[in-house]
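Participant: What would the 3D arrangement of this be:
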Amino acid sequence: MKDKFFSYIQNLQDSITNKLEEIDGKVKFHEDLWERPEGGGGRTRVIENGDVFEKGGVNISAVHGALPKSMQSYFGVEDADFYACGLSLVLHPKNPMVPTVHANWRYFEMYDKEGNIVDQWFGGGQDLTPYYLFDEDAIHFHTVCKAACDAHDPNFYSTYKKKCDDYFWNAHRNEARGIGGLFFDYCKATEGMDMQNWYNFVTEVGNSFLESYVPIVLKRKNLDYTSEQRDWQEIRRGRYVEFNLVHDKGTLFGLKTNGRIESILMSLPPHVQWRYDHQPESGSEEERLLNILKSPKDWV
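Facilitator: Alright, predicted model coming up:
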């Protein structure tokens, strides 16, 4: 399974970066191959200072070795080895009318000292973080997410949409990071879903990514915006940074398994603001966005 999924994410990385380069039209992804001393490595691709994408990364990795002590206590095991592979992407567009997007799809195996698999699971998801909220964009994104879920189980969308709302929650701000999407983790074999079924589901979601995001980018990338709207985008990006550094489990896992720092922190936007006690104008589009983020909404 691990070889099959790693081959899939290699191909998916190619298809996503090719499409994003086509949309931007100005810059290409810079590719960086790296190795992890303890085992494995990855292929990082970063785009910067484009006409559409101010910064973004579409990264794949496959790492393995002894599970660090800190992670052994987290998983409740001793002297285990692990293998983890996945694709992780974050895109920060230049135009504040275009939302930031994040997605990842991953696979994990854990072994005893004889090399036997003692646990395995899939995880992943995709979520949207707008700075100016266009309802039709939110509906489109969630509709594509729901269609990918419905192809496998009619309960998946509602379950994983709620998990996404719960996970991407800045508890210290009491607000969502964005308008959600899907989040699933520890997807293990059960009587109704073996690992091949989970592979089929996760790859269906991965294959739906461009359909969920590209039409939004094409619709909004040439809209006019003011310097004040750009300021708001950078202030909201600050909330994005706070979530990734304070709450995100993927960032924590990478840092505690001696992951490549540049690849882990490529999710951070290049221009960010933190203004003391900044409050949007009453009745503004900025205030409307905050009100939505205080109470996650069902879009479909």
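
Participant: give me the element His102 is part of.
Facilitator: strand 100-111 (DSSP states H and E).

Participant: What mean pLDDT does that strand get?
Facilitator: Across strand 100-111, pLDDT averages out at 96.

Participant: partners of that strand, with directions?
Facilitator: Sheet pairing for strand 100-111, assigned by DSSP bridges, gives strand 81-93 (antiparallel), strand 117-129 (antiparallel).

Participant: Run the chain-centre distance for that strand.
Facilitator: Mean-position distance between strand 100-111 and its chain equals 9 Å (Cα atoms, centre = their mean, to the nearest Å).

Participant: Equivalent analysis for stretch 267-280, please.
Facilitator: The answer for stretch 267-280 is 20 Å, by Cα atoms, centre = their mean.

Participant: What mean pLDDT does that stretch get?
Facilitator: 93.

Participant: so what's Val272 up against?
Facilitator: 234, 237-238, 241 (Cβ atoms under 8 Å, 6 or more residues apart in numbering). Glycine gets a C-beta too; all of them are placed from N, C-alpha and C.

Participant: any idea where the helices of the protein begin and end?
Facilitator: With DSSP state H as the criterion, the chain has helices at 2-24, 69-75, 135-150, 156-167, 195-207, 209-220, 227-246, 249-256, 261-264, 285-294.

Participant: any chance of those in JSON lines, with mean pLDDT, mean neighbour count and distance to His102 too?
Facilitator: Shown next, in JSON lines, are those (pLDDT from 0 to 100; neighbours: other Cβ atoms under 10 Å; distance: least, Cβ to Cβ, whole Å):
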{"stretch": "helix 2-24", "mean pLDDT": "98", "mean neighbour count": "16", "distance to His102": "13"}
{"stretch": "helix 69-75", "mean pLDDT": "77", "mean neighbour count": "13", "distance to His102": "22"}
{"stretch": "helix 135-150", "mean pLDDT": "98", "mean neighbour count": "19", "distance to His102": "12"}
{"stretch": "helix 156-167", "mean pLDDT": "98", "mean neighbour count": "19", "distance to His102": "11"}
{"stretch": "helix 195-207", "mean pLDDT": "98", "mean neighbour count": "18", "distance to His102": "13"}
{"stretch": "helix 209-220", "mean pLDDT": "98", "mean neighbour count": "19", "distance to His102": "10"}
{"stretch": "helix 227-246", "mean pLDDT": "95", "mean neighbour count": "18", "distance to His102": "9"}
{"stretch": "helix 249-256", "mean pLDDT": "78", "mean neighbour count": "16", "distance to His102": "10"}
{"stretch": "helix 261-264", "mean pLDDT": "83", "mean neighbour count": "17", "distance to His102": "13"}
{"stretch": "helix 285-294", "mean pLDDT": "97", "mean neighbour count": "16", "distance to His102": "15"}
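
Participant: Which one of the ones you listed lies nearest to Arg177?
Facilitator: Closest to Arg177 of those is helix 227-246 (Cβ to Cβ; 4.8 Å).

Participant: What lies in contact with the closest one?
Facilitator: Against helix 227-246 from outside (Cβ under 8 Å, 6+ apart): 92, 96-97, 100, 129, 131-132, 168, 170, 172-173, 175, 177, 251, 267-269, 271-275, 278, 280, 286, 289.
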